[in-house]
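Engineer: Sequence isn't available, so here's the structure alone:
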Ligand code: PEP
Ligand code: MG
């Protein structure tokens, strides 16, 4: 190939397009295409191999090799240079194929005479569909320009393959997105659910890969890049008040959006005959292949950013994928990641959520939990594997996602869902009965809430009230600090909808993982141990005062429960309570009606508070054990860190004995005590907590049924005896003993 690569590949693409326009069968088109490529590149052989199944490639068309080998020659992914190209997703270009590592001789093709070999992966969005191969007798390496021209052609082939224009008869490639797939992730919100995929950011389909007029395509690209830059600048402006990480991400976006290299590569693609959107997709595909091979997490994140930008650019160019698509019924949302406000927009219409990334402690997770929507995170590949409308089953107990499940999986899953539904019906029959154990001990069950959307669950769950209302959620899902009047209205609605049942409002617990988008984040080495919750409230009391005032007003004379989070020592509780008293006094002076009673309590989330002076226990009206935090500090194991968060069992004897001590102190001083961490909603844990003396538990509404069911069928004295025996024996955790006991007594 001697002429300029641009014009050469453009000519080639034009011929390809003409070939595609012919009204012929898929095979005839493939044959025509390989002839065209071989002729244009003046190389003796051009062949196309496509995947037959996940492990096998098949020769589907050739110019130059024996025609009898077509659809006969097959090779495994781990065989030959073709296999190597497909496996690695990288170009193999060698002058001396027979002496190159991995070469496999296939006599039926008659390829022994060919020395030079170049294999180019046919890829779409990082997924390899097949391999385009050129071979020649002369021992020469194909030039960079030739390889580039072939890459452009491979890109078009991938598009045509995707559109089914080349693959009639190849069920495997045709059915790429029809096969069942099982993907694994981590559980962020439990629950088992079935539905249909709704992509938060739908894939863009490039329907016209070719373009005749490069000038016009360049102009389109320029305009689209300008629009992209403006939107990224807006993002950056919005992120200025966000966390350091958020700003960093957006700044990298901006850097990419202005990247000359990225633009130059796309310009070259356009010059070679691709449309602007095909050029964007070609570069995106290359980046995706790199992404899959980069071990470094930071670099991978940056490549993800580029991928996101390419998606935005594609949407601008094609006008596709603005999220206006109708939400199907039984929608299961699939996204790379999602913000809490966006998630709230979808609200309860979703049956489940699967995220490619995400974190257990992210705001989206907090919202999903509040809405009780099953959520599986860290599911690699889900955004590329899933297509809108795909049937999907989400196992939020195991962290497994079944995409386009086959009949066996469907049957097993349907059984699981049916069992759950059956259990729900069973729980509904005991909804209005007390959680009284067989020994006669009554345990009060309350629900945790944080959004207005939670309140409808109060009557249906059978909860006696709201044991923990996380007020920070309202702050987290907004872009601006809510005003006092808004808070008054919200808290009033919450109290109204509780219909006389008590609601324990916990004052703002921000800091640590809960960073408000509009508050300057603090650069803290250990945010969980840092400036958070009541520490912020006492040091900068403005927001705390506003919140207390809003709560007092919202009560409109009714009783009010206020709880301070993360109290580590007596003095903090006293200071916080003093703020509340001052607020009451101000309200009185202003002539507002005061609540008929104000009950004040604290969260016990730090081990230190368990050892506070007796006077503290006498003064505080009620305490609630925040088991999530208490456990993390007790075992020194970060609740957000996947590696350690499940390492220590809640039923570890040390932890249970610690809980027992706290119960003991509260009994002596007659202080009301409850437990409101996630463990309260796990039946076995709840049973053991009750056996240790807890008489009030607060949990997700969906857990109330299962917990009540187990408590009503158990004798707490017997459970306590089992725990004591296990402790005396030196067991590390009482779980095996309790499980055995449950099994032996029949469930
Ligand atoms: C806890 O720590 O157990 C708790 C209930 O509070 P949060 O999960 O909001 O930190
Ligand atoms: Mg906590």
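Structural biologist: Structure received. Keep in mind that this is a model prediction, so the values were computed, not measured. Ligands and ions are numbered 1, 2, ... in the order given.
Engineer: who does residue 376 bridge with?
Structural biologist: residue 187, residue 354 (DSSP bridges).
Engineer: now do residue 675
Structural biologist: residue 625, residue 697.
Engineer: Around it, how many other residues sit close by?
Structural biologist: 28 (other CB atoms under 10 Å). C-betas here are computed from N, CA, C, even on glycine.
Engineer: ok, it touching residue 630?
Structural biologist: No: between residue 675 and residue 630 there is no contact under CB atoms under 8 Å: 9.2 Å.
Engineer: Please enumerate the helices of the stretch 451-600 of the chain.
Structural biologist: 457-461, 472-476, 484-497, 534-539, 541-555, 570-589 (DSSP state H, counting those that start in this stretch).
Engineer: Would you mind pulling the contact partners of the helix or strand where residue 333 lies?
Structural biologist: In the assignment (DSSP states H and E), residue 333 maps to strand 331-335. Outside strand 331-335, the residues that touch it by CB atoms under 8 Å, 6 or more residues apart in numbering are 193, 195-201, 346, 349-356, 382-383, 386, 392, 394.
Engineer: Now, the residues you listed that are in helices?
Structural biologist: Members of the contacts of strand 331-335 lying in helices (criterion: DSSP state H): 346, 382, 383.
Engineer: Say whether ligand 1 is contacted by stretch 654-669.
Structural biologist: No: on the criterion CB under 6 Å from any ligand atom, stretch 654-669 is out of touch with ligand 1, staying 12.6 Å away.
Engineer: Please state the offset of that stretch from the chain centre?
Structural biologist: With CA atoms, centre = their mean, to the nearest Å as the basis, stretch 654-669 stands 37 Å off its chain's centre.
Engineer: looking at the protein, which helix or strand is least sure?
Structural biologist: helix 171-174 (a mean of 59; mean pLDDT, DSSP states H and E).
Engineer: distance between stretch 203-223 and the chain's centre?
Structural biologist: Counting by CA atoms, centre = their mean, stretch 203-223 comes out at 32 Å from the chain centroid.
Engineer: Could you tell me the end-to-end distance of that stretch?
Structural biologist: 21 Å (CA to CA, to the nearest Å).
Engineer: Report the buried members of the contacts of strand 331-335.
Structural biologist: 193, 195-201, 346, 350-356, 382-383, 386, 392, 394 (16 or more other CB atoms under 10 Å).
Engineer: avg pLDDT for the longest helix anywhere in the chain?
Structural biologist: Criterion DSSP H: the longest helix present in the chain is helix 214-239. In this model, helix 214-239 carries a mean pLDDT of 85.
Engineer: So what's the gap between that helix and the chain middle?
Structural biologist: 28 Å.
Engineer: helices or strands up against that helix?
Structural biologist: In terms of contacts (3 or more CB pairs under 8 Å, 6 or more residues apart in numbering; DSSP states H and E), helix 214-239 is packed against helix 244-257, helix 260-271, helix 276-293, helix 297-318.
Engineer: Between those helices, which one is closest to residue 553.
Structural biologist: Minimum separation from residue 553 across those (CB to CB) falls at helix 244-257, 33.7 Å.
Engineer: sorry, back to before: adjacent strands (with direction) for the strand holding residue 333?
Structural biologist: With DSSP bridges as the test, strand 331-335 pairs up with strand 192-199 (parallel), strand 350-355 (parallel).
Engineer: Low-confidence regions, the stretch 201-350 of the chain specifically.
Structural biologist: Residues of the stretch 201-350 of the chain meeting the criterion pLDDT under 70: 235-236, 238-250, 291-292, 294-304, 321-325.
Engineer: Show me what from the stretch 551-700 of the chain comes close to ligand 2.
Structural biologist: 605, 626, 629 (CB under 5 Å from the ion).
Engineer: could you dump the residues you listed to a markdown table with neighbour count and pLDDT?
Structural biologist: Shown next, in a markdown table, are these (neighbours: other CB atoms under 10 Å; pLDDT from 0 to 100):
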| residue | neighbour count | pLDDT |
| --- | --- | --- |
| 605 | 25 | 97 |
| 626 | 26 | 97 |
| 629 | 22 | 95 |
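Engineer: List just the nearest of these to residue 273.
Structural biologist: Nearest member of these to residue 273, counting by CB to CB, is residue 629, at 59.9 Å.
Engineer: For that closest one, which non-adjacent residue is closest in space?
Structural biologist: Spatial nearest neighbour of residue 629, excluding adjacent residues (CB to CB, 6 or more residues apart in numbering): residue 605 at 3.8 Å.
Engineer: need the contact list for the one you found.
Structural biologist: 565, 566, 567, 625, 626, 628, 629, 630, 633.
Engineer: Of these, which belong to strands?
Structural biologist: residue 625 (DSSP state E).
Engineer: any chance of the contacts of residue 605 in JSON lines, plus distance to residue 547?
Structural biologist: Conversion of the contacts of residue 605 to JSON lines gives the following (distance: CB to CB, whole Å):
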{"residue": "565", "distance to residue 547": "12"}
{"residue": "566", "distance to residue 547": "15"}
{"residue": "567", "distance to residue 547": "16"}
{"residue": "625", "distance to residue 547": "23"}
{"residue": "626", "distance to residue 547": "18"}
{"residue": "628", "distance to residue 547": "22"}
{"residue": "629", "distance to residue 547": "20"}
{"residue": "630", "distance to residue 547": "24"}
{"residue": "633", "distance to residue 547": "25"}
